[in-house]
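**Student:** got a sequence here, can you build the structure:
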Amino acid sequence: MGLDIGFYRDGEEVFYLRNHDDLFEALAEGSGGNVYNGYSDFYVTLHTLAVVAIMIKKEFAACALTADDALSEIPEQFHSLDARAAEWKELLRYYPAIVAFLANDIILNGPLICGWSA
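**Tutor:** Sure, this is the predicted structure:
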């Protein structure tokens, strides 16, 4: 079993990740509040992404990565990648691009809903 994370707008999936536990924890920490009473889906706002960016900055420093090590493109196969099978340092390099992608979408269209299952 794993952690499936989907980002939705109007019932349509915008972005998807599998087993990115540390990223999910930062998203949940910065949550914009639950969407529905009794459910764990939560809003992802620019504030949420600011919390994630702080986590990324700390983890970059801990892994001796610099801003130049961040990747700007998210390859298609990354969406279905099981993060448990990848090195943390390599995953981390993609996270700034994910934050930028989600932030751009939020700026254009408003908050996203993060739905997840474990």
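**Student:** list the contacts for residue 78?
**Tutor:** For residue 78, the residues meeting the contact criterion (C-beta atoms under 8 Å, 6 or more residues apart in numbering) are residue 94. Just so you know, the C-beta spots here come from the backbone N, C-alpha and C atoms, and that holds for glycine as well.
**Student:** the same query, at a cut-off of 10 Å, please.
**Tutor:** For residue 78, the contacting residues are 16, 17, 18, 71, 86, 91, 94, 97, 98, by C-beta atoms under 10 Å, 6 or more residues apart in numbering.
**Student:** helix, strand or coil for the first one?
**Tutor:** Per DSSP: H, G, I helix; E, B strand; the rest coil, the local secondary structure of residue 16 is strand.
**Student:** please shift the residue numbers so they start at 688 in all later answers.
**Tutor:** Done: numbering now begins at 688, and the last item shifts to residue 703.
**Student:** any figure for the gap between it and residue 748?
**Tutor:** 28 Å (C-beta to C-beta, to the nearest Å).
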